[in-house]
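Colleague: What follows is a predicted structure for the sequence shown.
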Amino acid sequence: MSKEIIRAWILEIDAKEKIPKDIVALCFNLYEPYGLELVGSKCYCEDNEDWACEEDFVPERRHCPGFEMPSFLGWEDVLDMVANILVELSWELPGTQIFQVKHIALGFVDGNLVSKVMDI
């Protein structure tokens with residue numbers, strides 16, 4: 001299940017890496033055929049989605065291993081599903097470094113940043 005795969009990935013990053021204190025935003029990027037990666041930025045501007053292009057923090061395990069979504073799903077469905085998973089995980093794993101970062105967003109690498117998941 002994708003939620004358990006994402007949970008394991010987040011916990012691995014949390015255990016093995018230190019997110020620098022100056023990272024104020026994280027972007028979970030989806031890419032086709034439905035992969036998931038994570039990058040962090042020292043800046044965040046809700047009105048300028050290009051902030052998510054700044055890669056000031058890139059975890060060693062940038063790409064979520066084993067993440068798969070059925071290819072028949074539309075990108076909107078995948079986006080909604082991953083957004084819901086991230087919100088659930090933020091409630092379940094509030095002490096992880098990832099969910100201590102002030103801004104967390106989700107979008108497609110080759111498209112616009114379309115979903116602000118949460119602001120802590």
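Modeller: Received the coordinates, thanks.
Colleague: And the strands in the protein?
Modeller: 25-31, 35-41, 103-108, 115-119 (DSSP state E).
Colleague: so can I have CSV of those strands showing mean neighbour count, distance to Ser90 and mean pLDDT?
Modeller: Just so you know, the C-beta spots here come from the backbone N, C-alpha and C atoms, and that holds for glycine as well. Listed next are these as CSV, based on neighbours: other C-beta atoms under 10 Å; distance: least, C-beta to C-beta, whole Å; pLDDT from 0 to 100:
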stretch, mean neighbour count, distance to Ser90, mean pLDDT
strand 25-31, 22, 11, 91
strand 35-41, 20, 14, 94
strand 103-108, 21, 7, 88
strand 115-119, 16, 6, 59
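Colleague: Dump these to JSON lines, plus distance to Phe72.
Modeller: Output for those, formatted as JSON lines (distance: least, C-beta to C-beta, whole Å):
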{"stretch": "strand 25-31", "distance to Phe72": "16"}
{"stretch": "strand 35-41", "distance to Phe72": "16"}
{"stretch": "strand 103-108", "distance to Phe72": "17"}
{"stretch": "strand 115-119", "distance to Phe72": "21"}
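Colleague: where's the spatially most distant residue from the centre of the chain relative to Phe99, distance?
Modeller: In the chain, the residue that sits farthest from the middle, by C-alpha atoms, centre = their mean, is Phe72; the gap is 22.1 Å. In this view, Phe72 and Phe99 are 31 Å apart by C-beta to C-beta, to the nearest Å.
Colleague: on that earlier part again, for Glu60, find the nearest of the strands of the chain.
Modeller: Among the strands of the chain, the nearest to Glu60 by C-beta to C-beta is strand 35-41 (10.8 Å).
Colleague: and the closest one, how far from the chain's centre?
Modeller: 5 Å (C-alpha atoms, centre = their mean, to the nearest Å).
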